[in-house]
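**Q** Fold the following.
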Amino acid sequence: MFAPPSAEATPRKPPGNRQFTPAELRQYNGTNSEEPVYLAIKGVVYDVTPARAMYTPPGGYSLFAGRDATRALAKSSLKEEDVTPDDTGLTEEETGTLNKWVEHYKKKYDIMGTVSRGELEAFAQTARGSHK
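**A** Numbers count the residues shown, from 1 in each chain. I've put the predicted structure just below:
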């Protein structure tokens, strides 16, 4: 288990408006040292490159890189099956934890854009079967 830390840093640039597909987001998973490292929460894409060491192997959050980690963050989980945008069935406590993570990322990392809503929902629906 892990908990959202308090964040004091401020984003360095205005939010981006790029629309990513899940496949495009996956390209920013940190495996290419020349590319930035992104992750999404609730469909919002953050540039976590300043913390590259945490988001690339063997960093503790490397499984989040290039993906939407909504469910995993809500559940304070580092399990592969929880790294999904699917937020259905979260408890009130998990939703509160997720909202704290969102605030942390908004304060600490630049927003690059969003994951295409239709594709994100289709992906979450597919992933939902693995959480039953």
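**Q** which stretches of this protein have low pLDDT?
**A** 1-12, 119-132 (pLDDT under 70).
**Q** and the longest helix along it, which residues are buried?
**A** For the chain, the helix that runs over the most residues, judged by DSSP state H, is helix 92-108. Buried residues in helix 92-108, counted by 16 or more other CB atoms under 10 Å: 94, 97-98, 100-102, 104-106, 108. In short, each C-beta sits where N, CA and C put it, glycine included.
**Q** How far away from the center of its chain is that helix?
**A** Going by CA atoms, centre = their mean, to the nearest Å, the spacing between the C-alpha centre of helix 92-108 and its chain's C-alpha centre is 11 Å.
**Q** Which helix or strand contains the spatially most central residue of the chain?
**A** With distances taken as CA atoms, centre = their mean, Ala40 lies nearest the centre of the chain, 3.1 Å away. In this assignment (DSSP states H and E), Ala40 forms part of strand 38-41.
**Q** which other residues reach that strand?
**A** Strand 38-41 has contacts (CB atoms under 8 Å, 6 or more residues apart in numbering) with 20, 25, 28, 45-49, 55, 61, 64-70, 73, 85, 98, 101-102, 105, 112, 114-115.
**Q** gap between that strand and the chain center?
**A** The answer for strand 38-41 is 3 Å, by CA atoms, centre = their mean.
**Q** Columns distance to Ser33 on top of the buried residues of helix 92-108, output as a markdown table?
**A** Converted to a markdown table, the buried residues of helix 92-108 look like this (distance: CB to CB, whole Å):
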| residue | distance to Ser33 |
| --- | --- |
| Glu94 | 34 |
| Thr97 | 32 |
| Leu98 | 30 |
| Lys100 | 31 |
| Trp101 | 26 |
| Val102 | 28 |
| His104 | 25 |
| Tyr105 | 22 |
| Lys106 | 26 |
| Lys108 | 21 |
